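Visitor: Sequence below, structure please.
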Amino acid sequence: MNQSNSLQGKTLLVVHTGFEHKKFIFPKLKRLGLTIIVLHKEKTSISPYVDHWIFADLNNHKECIAAIKGFLKEHPNIKIDGVITYWEESTLLVSRVADTFNLIGIPYNVTIKIRNKYNFREFCIHNGIKAPKHIIINKESDIETAKETLNFPVVIKPVFGSSSAFVIKVNTNNEINDVYTYIKSNVSSHPDSAEWDDLSIMIEEYIDGDEVDIDMLLQNGKVKFWSISDNYQTSEPFFVETGQAIPSSLPESSQRELVEMAEETLEKLGVQNGCIHFEAKSTNKGPVPIEVNLRMGGDEVYTFVKNAWGVDLVENAARIALGVYLKIHKPKDPKKYLTGKYFLSDNSGILSQLDIDEKLRTNKYLSEVHMDKEIGDVVLAPPEGFEFIGWITVFGDNAIDAEDNLTQLTKHIHYSIAKFDSESTIGKTSRKNRFSTASLKKDILIRAAKLENIKRINVSTLRKLKIGISCNGCDIVNNGGISDGVYLKKLLEEIGYKVKLYNFDNLSNVFNELKNSNTDLMINLTQKINNSVDQQPNAAALLEMLQIPYTGSDPYTLALTMDKIRTKKLMAYHQIPTPNWDYIYDREDDIRNDLQFPLIVKPNNSNLWDNVTQDSIVNNDIELNHKLDYIVNKMGKPALIEEYIEGEEYDVSILGTEEEDLEVLPLVQSSFANMPKSAWHIYSNDTDLNKNINVFQPAKKLSKKLESLITEISLDTYLSIGCRDYGRVEIRVDCDNNPYVIDINPDFPFETLKDLAASNTKNKKNNSQYFSKLIEQIIDLTI
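Guide: The predicted structure is shown next:
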């Protein structure tokens, strides 16, 4: 039944554009006659279907609300009639928007209860809904409690998250510690983890039964439509989805029980309106909820429901959000039977061959084939990642016919994964067209072969490598003297390397230069691009894209360490000691009231001391508010507030990547004893004042016990943040010898290495030779 005309002229706010495979949603919405406003961090490829953009950080709800208010103020003739998202991580924000602007939706206090899997389990227990025994892991001892109180097998998973990422089945208590450590160490690497409220982990008893998805349309508390699809047996222990079928083959009585359970759960939660993707299991003891997703299901769900029952979830979800009455007639029998499967890899590797027979597209039983990966893309299988290559769905006259068709049609798709080897980089191939057999793409293959050779190079032939040094245009001359890049080039050339400087201030030029170069390895000295520190990670990202090995941390870690708030959160998660702290994005944000003056207040997203002055330390609320006004309102940046620690400062430089290969260089001590009495004991933008700081390398009068403690904390920090090849952890030690991590810097340790060389040699010639050896050590570590 077509009710599209009732949507004509209405304005819908869509939060988050989603990945590329969700792009189909936007032309569909546009064809309904809607005015589309999209709230996202940036423009994407859906622009042709968007009438207005609102840009904001979707992880910062206050910023988003303010951006919407600002948009409405600038466009007084526009009235937002509804808000929606098709992206799991944005459901909390949508609830916040709906509450703020009095729109139809799910209240925020309900959504947070559902999104947090532990809270959802607690809710079920307290409301008479079946749920497995469970426990949240706040400390190591909670694992022992879980071993004693839960029946095995159990499931360990993040409290937040989606797509079964880091959801792992554990059969015995002997495995539980290792699995917990694996999740804790890797969960922050998930691409969506920045959008999760926290990275807590829970353990619950395994539920044995038939897993299903219940897709529902709910309006004013009434279920207007439901559909059940069966999930094929997941690939355990990682619960990797393998495929699904619609309609469900479960007995009608079991399906009825599932729908009644889902309806009861939603009613007790207080969910009145929405398109719901409800995951559950049908067990011999009755239906059990797994989790509730407050948005349309992803991947094949839309086409499954549309083809099986003729119901358009995109359109009807929009209707619910806009308050347009739903009248849906669900046929007694499905229009079609569908089944599908995911294309998976048993091992992490590179998609080296993909062949899709052209006959597949014309087959009358094909519903949809979607490939997330292209030839040359990395495919991460558990435990390295949770990715699939793509999926296919097919029709049939009945369930058995659909399964037979799936078997036949999947024969038209062939792919190969070159198994990933941490010591090796595998080449790429490409297709002449999207359906032809893969053929070698010569230039990329040559580059990949070069990477393979570099990885296997003998240390004795190290100096045959062609080295590039990434720097900036202004790095050719530094304060009238020789720059770091030029100095390093000179040193390496003196010992036999071929070296070239690359100016990363002009990314388009340097891209073409590097693409056509024969550079074997890049030493990444880039700290700014066009005088912008925020652009620093782009140098590493460009080198990643060109497949040129480089020294130092990856773009993710470089960006993370510039975001001091996220870094502090990650340190807190790994229980690394830092000064008590808080942060604000907006002047209306509350600050914890247990912070003790004096406090040091500085802008987020900065690796420079330029923004730290003697005035950065405040003694009272008046000074604090003045400083926060300046940072948040004038500079337009979030503010980091932490307790000032009086004491000596230690720089701990570390070389290496893997735990067993790490080397801690001699500690560098900064003493503030000669600072003027009126000055705070900090490094600041006052270079004259900084001259009063005495620097000792190696550190003096440091007990072995304290040195060992500082070293261990620094190593934990380095590994937790994910630094690679080198990095520097900055630590303050208070009067009671308590160390606190105040910062971590993944930049090339140029000055540290120069000072180390100077302290270990007696003349300039030996100094240069020692420094060259240290640089070669980093090159060796990188390859």
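Visitor: All the helices of the stretch 251-400 of the chain, residue numbers only.
Guide: Secondary structure of the stretch 251-400 of the chain (DSSP state H, counting those that start in this stretch): helices at 252-269, 301-309, 313-322, 399-409.
Visitor: Tell me which of the ones you listed lies nearest to residue 489.
Guide: helix 301-309 (55.6 Å; C-beta to C-beta). (Each C-beta comes from the backbone N, C-alpha and C, glycine too.)
Visitor: Packing partners of the closest one?
Guide: strand 210-219, strand 222-231, strand 243-246, helix 313-322, strand 337-343, strand 366-371, strand 390-396 (3 or more C-beta pairs under 8 Å, 6 or more residues apart in numbering; DSSP states H and E).
Visitor: re the thing from before, quick one, which of the helices of the stretch 251-400 of the chain gets closest to residue 275.
Guide: That would be helix 313-322 among the helices of the stretch 251-400 of the chain, by C-beta to C-beta, at 3.6 Å.
Visitor: picking up where we left off before, need the helices of the stretch 251-400 of the chain in a markdown table with mean pLDDT and distance to residue 680, can you?
Guide: Output for the helices of the stretch 251-400 of the chain, formatted as a markdown table (pLDDT from 0 to 100; distance: least, C-beta to C-beta, whole Å):
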| stretch | mean pLDDT | distance to residue 680 |
| --- | --- | --- |
| helix 252-269 | 96 | 51 |
| helix 301-309 | 94 | 58 |
| helix 313-322 | 96 | 53 |
| helix 399-409 | 94 | 69 |
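Visitor: follow-up on the earlier one: TSV please, covering the helices and strands packed on helix 301-309 and showing distance to residue 542 and mean neighbour count.
Guide: Listed next are the helices and strands packed on helix 301-309 as TSV, based on distance: least, C-beta to C-beta, whole Å; neighbours: other C-beta atoms under 10 Å:
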stretch	distance to residue 542	mean neighbour count
strand 210-219	41	22
strand 222-231	41	19
strand 243-246	38	24
helix 313-322	37	23
strand 337-343	30	24
strand 366-371	26	18
strand 390-396	28	22
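Visitor: residue ranges of the strands in the stretch 451-600 of the chain, please?
Guide: Using DSSP state E, counting those that start in this stretch, the strands of the stretch 451-600 of the chain run over 466-471, 477-478, 481-482, 498-503, 521-524, 581-584, 599-603.
Visitor: List just the one of those strands that sits closest to residue 148.
Guide: Nearest of the strands of the stretch 451-600 of the chain (C-beta to C-beta): strand 581-584, 35.5 Å.
Visitor: any idea of the mean pLDDT in the closest one?
Guide: For strand 581-584, mean pLDDT rounds to 94.
Visitor: The chain should start at 25 in everything you say after this.
Guide: Got it, first residue is 25 now, which makes that one strand 605-608.
Visitor: Can you check the pLDDT for residue 692?
Guide: For residue 692, the model assigns a pLDDT of 92.
Visitor: Name the helix or strand for the residue lying closest to it once chain neighbours are set aside, please.
Guide: Nearest non-adjacent residue to residue 692, counting by C-beta to C-beta, 6 or more residues apart in numbering: residue 675, 4.1 Å away. Per DSSP states H and E, residue 675 falls inside strand 672-679.
Visitor: Can you name the secondary structure element that comes next after that strand?
Guide: strand 687-688.
Visitor: Can you give me the pLDDT of the spatially closest residue to residue 806 that is not a sequence neighbour?
Guide: Among residues not flanking residue 806 along the chain, residue 575 sits closest, at 4.8 Å (C-beta to C-beta, 6+ apart). Predicted confidence (pLDDT) for residue 575: 91.
Visitor: how close does the residue lying closest to residue 615 once chain neighbours are set aside sit to residue 564?
Guide: Leaving out its chain neighbours, the residue that sits closest to residue 615 by C-beta to C-beta, 6+ apart is residue 606, at 5.1 Å. Noted for residue 606: a distance of 31 Å to residue 564, by C-beta to C-beta, to the nearest Å.
Visitor: Break the chain into its domains for me.
Guide: Annotated domains of the chain cover 28-127, 157-230, 232-356, 362-446, 481-575+793-806 [automatic domain parsing].
Visitor: Residue 606 and residue 564: which is more packed in?
Guide: For residue 606 versus residue 564, neighbours defined as other C-beta atoms under 10 Å are more numerous around residue 564 (25 against 19).
Visitor: contacting residues around that one?
Guide: Neighbouring residues of residue 564 by C-beta atoms under 8 Å, 6 or more residues apart in numbering: 548, 550, 574, 576, 577, 578, 579, 582.
Visitor: redo that, cut-off 7 Å
Guide: 548, 574, 576, 578, 579, 582 (C-beta atoms under 7 Å, 6 or more residues apart in numbering).
Visitor: How about residue 642?
Guide: 622, 623, 625, 648, 651.
Visitor: for these, which one is nearest residue 708?
Guide: Of the contacts of residue 642, the one sitting nearest to residue 708 (C-beta to C-beta) turns out to be residue 625, at 12.9 Å.
Visitor: Am I right that the closest one is in contact with residue 637?
Guide: No - assessed by C-beta atoms under 7 Å, residue 625 is found out of contact with residue 637, at 10.4 Å.
Visitor: Can you pick out the residue with more neighbours from those two?
Guide: residue 625 (23 against 16).
Visitor: now the helices of the stretch 275-424 of the chain as a markdown table including distance to residue 778?
Guide: Shown next, in a markdown table, are the helices of the stretch 275-424 of the chain (distance: least, C-beta to C-beta, whole Å):
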| stretch | distance to residue 778 |
| --- | --- |
| helix 276-293 | 61 |
| helix 325-333 | 58 |
| helix 337-346 | 60 |
| helix 423-433 | 63 |
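Visitor: Which among these is found nearest to residue 40?
Guide: helix 337-346 (14.1 Å).
Visitor: Contacts for that closest one next, please.
Guide: Taking C-beta under 7 Å, 6+ apart as the rule, helix 337-346 contacts 31, 34, 36, 49, 52-53, 56, 58, 105-108, 128, 239, 241, 243, 297-299, 320, 326, 329, 350.
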